[in-house]
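S.K.: when you get a sec, could you give me coordinates for this:
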Amino acid sequence: MTTMNANEWCLTKLRKITTKIGSGATPRGGKKSYKKDGITLIRSLNVYDFNFEYDGLAFIDEDQAEKLSNVEIHSNDILLNITGASVTRCCMVPAKLLPARVNQHVAIVRVNPTIADSGFILYCINSPQYKHHLLTLAQGGATREALTKDTIGDFEIALPPLTTQRKIAAILSAYDDLIENNTRRIKILEEMAQALYREWFVKFRFPGHEKVKMVESEMGMVPEGWEVGTLKDALILQRGFDLPTKKREQGNIPIYAATGVVGTHNEAKVKGPCVVTGRSGSIGTVIYVDEDFWPLNTTLWVKEFRRATPIYAYYLLKRLELSSFNSGAAVPTLNRNDIHGLFVILPSYELLECFNQYIIPIFSENKILNEKNANLRRTRNLLLPKLISGEVDVENIDLQMPNNGGA
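M.R.: Here you go, the predicted structure:
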């Protein structure tokens with residue numbers, strides 16, 4: 001039996017290997033019409049490269065869904081963002097969300113399983129070469145970044161035989177399955193830590209609470225011996241530091257902006273562990289940093305822990321829901337002086353140390369899992385272009401795969 005060389009893979013337009021390419025719509029009434037539960041409505045904020053983000057899921061009722069029946073999502077459908085800053089982000093729909101619909105900012109790309117493998121097509125779209133080309137097409141619009149149905153349909157992919165497609169998809173999806181499993185474990189551990197914080201410091205069911213009397217305070221009933229003060233009594237927030245991109249030097253010190261790590265530098269401004277939150281542009285996110293780092297001027301960082309440990313400060317600031325203290329008109333802004341005066345409960349330092357002993361192992365395990373995921377992503381990203389270009393030959397690899405047209 002002869003094998004097909006990668007140079008012989010056929011350039012094929014997506015329209016020839018799909019049974020559907022099309023976007024959805026928002027129900028009449030927009031966001032106000034969304035329900036607390038029901039049938040899932042997927043939006044662009046849920047679609048990321050390789051993975052689906054469950055936060056921010058919207059729901060509609062059966063009547064609304066019936067009006068969007070032409071954009072019902074099927075198993076193994078590819079979701080592709082087609083407008084705005086997230087244009088070309090792409091992932092596979094999670095089967096557990098079905099039945100579901102999409103709004104007008106997301107396109108359904110439904111692959112014909114007798115011709116192509118949806119997993120292979122997904123990895124092609126997310127590979128650097130194809131992604132760059134798609135972005136170029138999206139940015140060619142007259143008014144804004146957008147992909148049209150015709151643009152998607154005319155997009156060409158080098159297509160190997162179906163068995164080769166399935167092998168490539170299986171190899172790459174093995175990495176994504178491990179990443180997903182680790183991510184699920186991270187979420188469970190985070191929920192455990194959050195639940196412990198609520199149990200001890202919100203519901204006051206901390207170890208030995210049965211023997212502690214509850215007394216009246218400015219914030220209601222609190223355990224005797226605890227104090228009520230302001231956030232400034234617990235910790236001091238400080239604005240981050242300027243660091244223009246052109247002045248960043250190669251190094252391994254993480255640079256934190258309001259939303260997280262945005263690069264590295266060769267110098268640290270703050271020693272970890274510490275806590276960072278957004279000051280401008282994006283507010284509300286609270287990040288625990290367990291290493292030395294450089295906080296940018298778009299952040300606030302805890303300069304002084306007075307009646308709080310870094311771990312307790314992390315949960316305390318999260319509970320304050322800082323996004324509700326926006327003081328900016330055009331740009332979301334958090335004024336540290338506004339929140340320094342907020343009333344908070346100050347537990348005993350002994351209890352905070354006890355809390356640390358429970359939470360530190362959870363944080364350590366999550367760090368290990370995040371590092372594993374980072375390594376898995378790097379390896380997958382290195383393999384991806386080599387596999388979908390045929391540079392790495394998979395013909396002689398023996399894989400057991402279901403014949404279902406998916407990854």
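S.K.: for the closest residue to residue 108 other than its chain neighbours, what are its contacts?
M.R.: For residue 108, ignoring the flanking residues on the chain, the nearest one in space by Cβ to Cβ, 6 or more residues apart in numbering is residue 77 at 5.2 Å. The C-beta positions use only the backbone N, C-alpha and C, and glycine is treated the same way. Residues in contact with residue 77 (Cβ atoms under 8 Å, 6 or more residues apart in numbering) are 92-93, 108-110, 118.
S.K.: partners of the helix or strand hosting residue 21, with directions?
M.R.: Taking DSSP states H and E as the criterion, residue 21 maps to strand 18-23. In the sheet, strand 18-23 lines up against strand 106-111 (antiparallel) (DSSP bridges).
S.K.: what comes up buried for the partner strand?
M.R.: Of the residues in strand 106-111, 106-111 count as buried by neighbour count, 16 or more other Cβ atoms under 10 Å.
S.K.: okay, now the unreliable bits of the protein?
M.R.: 1-7, 140-144, 398-407 (pLDDT under 70).
S.K.: mind listing the helices for it?
M.R.: In the chain, the segments counted as helices under DSSP state H are 62-67, 118-126, 128-138, 149-154, 162-201, 231-234, 310-319, 336-340, 349-388.
S.K.: buried residues in the third one?
M.R.: The neighbour-count criterion (16+ other Cβ under 10 Å) identifies 130-131, 134, 137-138 as the buried residues of helix 128-138.
S.K.: just the CA trace of it, in CSV.
M.R.: Presented in CSV, the C-alpha positions along helix 128-138 are these (Å, rounded to 0.1, in the frame of the first residue of the first chain):
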residue,chain,number,x,y,z
PRO,A,128,-0.2,29.7,13.7
GLN,A,129,-0.1,29.6,9.9
TYR,A,130,-3.9,29.3,9.4
LYS,A,131,-4.8,31.6,12.3
HIS,A,132,-2.5,34.4,10.9
HIS,A,133,-4.2,34.1,7.5
LEU,A,134,-7.7,34.1,9.1
LEU,A,135,-6.8,37.2,11.1
THR,A,136,-5.5,38.9,8.0
LEU,A,137,-8.8,38.2,6.2
ALA,A,138,-10.8,39.4,9.2
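S.K.: got the angle for that helix vs helix 118-126?
M.R.: Taking axes from the mean of the first three to the mean of the last three Cα atoms, to 10 degrees, one finds that helix 128-138 is oriented at 70 degrees with respect to helix 118-126.
S.K.: gap between helix 128-138 and the chain center?
M.R.: What separates the centre of helix 128-138 from the centre of its chain is 22 Å, taken as Cα atoms, centre = their mean, to the nearest Å.
S.K.: touching that helix from outside, list them.
M.R.: 49, 82, 87-88, 124-125, 145-147, 151, 155, 157, 384-385, 388-389.
S.K.: what residue lies at the spatial centre of the protein?
M.R.: residue 53 (5.7 Å; Cα atoms, centre = their mean).
S.K.: tell me if I'm right that residue 41 and residue 103 touch.
M.R.: Yes - using Cβ atoms under 8 Å, residue 41 makes contact with residue 103 at a distance of 6.2 Å.
S.K.: intersection of neighbour lists for these two?
M.R.: 24, 26.
S.K.: what sits against residue 22?
M.R.: Residue 22 neighbours (Cβ under 8 Å, 6+ apart): 70-71, 107-108, 149.
S.K.: could you give the bridge partners of it?
M.R.: Going by DSSP bridges, residue 22 forms beta bridges with residue 108.
S.K.: how much space separates it from residue 69?
M.R.: Noted for residue 22: a distance of 13 Å to residue 69, by Cβ to Cβ, to the nearest Å.
S.K.: and what of residue 43?
M.R.: 18 Å.
S.K.: in terms of packing, which of the two has more residues around it?
M.R.: Taking other Cβ atoms under 10 Å, residue 43 and residue 69 do not tie; residue 43 has more neighbours (21 against 9).
S.K.: show me what contacts the residue lying closest to that one once chain neighbours are set aside?
M.R.: In this structure, residue 43 finds its nearest non-sequential neighbour in residue 103, 5.1 Å apart by Cβ to Cβ, 6+ apart. For residue 103, the contacting residues are 23-26, 41-44, by Cβ under 8 Å, 6+ apart.
S.K.: and the residues you listed, which are buried?
M.R.: Buried among the contacts of residue 103 by 16+ other Cβ under 10 Å: 23-24, 26, 41-44.
S.K.: out of those, which sit inside strands?
M.R.: 23, 41-42 (DSSP state E).
S.K.: still on that earlier bit, ok, of the buried residues of strand 106-111, which one's closest to residue 335?
M.R.: residue 106 (36.3 Å; Cβ to Cβ).
S.K.: can you name the residues that contact the closest one?
M.R.: 23-24, 42-44, 47, 79-82.
S.K.: for residue 102, list the residues it contacts.
M.R.: 23-24, 41-43, 71, 73, 79, 108.
S.K.: so how many other residues sit close to the closest residue to residue 292 other than its chain neighbours?
M.R.: Spatial nearest neighbour of residue 292, chain neighbours left out: residue 268 (3.7 Å); criterion: Cβ to Cβ, 6+ apart. Other residues near residue 268 come to 17 when the count uses other Cβ under 10 Å.
S.K.: pretty sure residue 268 is in contact with residue 295, am I right?
M.R.: No - assessed by Cβ under 8 Å, residue 268 is found out of contact with residue 295, at 9.8 Å.
S.K.: about what we covered before: export the contacts of residue 22 as a markdown table, with columns for distance to residue 191.
M.R.: Formatted as a markdown table, those follow (distance: Cβ to Cβ, whole Å):
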| residue | distance to residue 191 |
| --- | --- |
| 70 | 37 |
| 71 | 33 |
| 107 | 33 |
| 108 | 32 |
| 149 | 40 |
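S.K.: between those, which is nearest residue 33?
M.R.: For those, the nearest to residue 33 is residue 71 (16.0 Å; Cβ to Cβ).
S.K.: now that closest one: how far from residue 27?
M.R.: Counting by Cβ to Cβ - residue 71 and residue 27 are separated by 11 Å.
S.K.: then residue 54?
M.R.: 20 Å.
S.K.: which one's more surrounded, these two?
M.R.: Of the pair residue 54 and residue 27, residue 27 is the one with more neighbours under other Cβ under 10 Å, namely 22 against 12.
S.K.: burial count for the closest residue to that one other than its chain neighbours?
M.R.: Once flanking residues are discounted, residue 27 sits nearest to residue 64: 4.4 Å by Cβ to Cβ, 6+ apart. The tally of other residues near residue 64 (other Cβ under 10 Å) stands at 20.
S.K.: understood, closing this out.
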